[in-house]
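> Take this sequence and fold it.
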Amino acid sequence: MFRRSVFMVVAAVVALLVAGGVCRAEDDSLSKVQDRGELIVGFAAHYPPFESKNESTGEFEGFDVDMGKAVAKELGVEAKFMDAEWQGLLGGLMTGDYDVLITCMSKSEARGKNVNFTDVYYKLADVIVVRKDSPELAGADDLKGKVVGVQLGSGSEQLVDKLDGLKEIKRYNYNPEAFLDLKAERIDALVVGYAYAVNQIKQDPDTYKVTGAPLDEAEIVMVLPKDSEALTARLNEALAAIRENGAYQAALDKWLTVE
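Predicted structure coming up:
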């Protein structure tokens, strides 16, 4: 009986090792991209300066676009960008519509969604924006009793949901709608990523201002399907390479440098 039990345990261990080997062998995430010659990137082109569509040229542009092209070049393929609604990006990733999401998505926004993360490629502070004629706020505590706007499904929404004492939270599909409501005095303040806030303020400097201390700092990553270990590792190598060769810094200077 003892020998039989030992045999069964050994057989089970061997089976697990074989299964693990099979799983690793089935990770074709990188070879699919190489065979296709394209890295299919999912994103929501409504978030300048990270990504948007140039109305004059019809081309996608922004930090994520330049960075996506740069990492694809390191892989020896072309980047193909597919625009979609923000709320549907993770679902599309799960069904195989994209190889990777490069869309200013934070770890907290994708955590618990059965995905892989690359190394952090940007740290984005979430800040409070008010009308320019509004009193200065010190920070989150000064939002008590106020109507606060935020983009649905964003990391900023997660932060605002944790705040106590707000009069109301208004949720928007995209940040431009929140800025318009702030301008029209339908909300008192909004919470948004700093780079996006600055981009919006540059377009309308007499209307908005950033006020108070940042609420938090989000870690921005590329997001891949779970178990895409080969492609995740190669994208991390590509990210390190573009930091080394200057392509990352060039994109940073072009789109996210705030004077």
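> in the stretch 101-250 of the chain, which segments are predicted with low confidence?
Within the stretch 101-250 of the chain, the segments meeting pLDDT under 70 span 112.
> can you pull out the helices in it?
107-110, 155-161, 175-183, 194-203, 229-245, 247-255 (DSSP state H, counting those that start in this stretch).
> Next, give phi and psi for residue 185.
For residue 185, the backbone dihedrals are phi 60, psi 30 (criterion: degrees, to the nearest 10).
> quick one on the thing from earlier: would JSON lines of the helices of the stretch 101-250 of the chain with mean neighbour count and distance to residue 219 be doable?
For every residue, glycine as well, the C-beta is placed using N, CA and C. Formatted as JSON lines, the helices of the stretch 101-250 of the chain follow (neighbours: other Cβ atoms under 10 Å; distance: least, Cβ to Cβ, whole Å):
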{"stretch": "helix 107-110", "mean neighbour count": "18", "distance to residue 219": "5"}
{"stretch": "helix 155-161", "mean neighbour count": "20", "distance to residue 219": "9"}
{"stretch": "helix 175-183", "mean neighbour count": "19", "distance to residue 219": "19"}
{"stretch": "helix 194-203", "mean neighbour count": "19", "distance to residue 219": "14"}
{"stretch": "helix 229-245", "mean neighbour count": "18", "distance to residue 219": "13"}
{"stretch": "helix 247-255", "mean neighbour count": "16", "distance to residue 219": "16"}
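> And the most centrally placed residue in the chain, how far from residue 61?
Central residue of the chain (Cα atoms, centre = their mean): residue 105, 1.1 Å from the mean position. As judged by Cβ to Cβ, to the nearest Å, residue 105 and residue 61 stand 18 Å apart.
> Wait, the residue nearest to the centre of the chain touches residue 98, no?
No. Counting by Cβ atoms under 8 Å, residue 105 stays clear of residue 98, with 11.8 Å between them.
> shared neighbours of the two, which are they?
Counting by Cβ atoms under 8 Å, 6 or more residues apart in numbering, the residues touching both residue 105 and residue 98 are residue 89.
> If anything else comes up later, I'll come back, but that's it for now.
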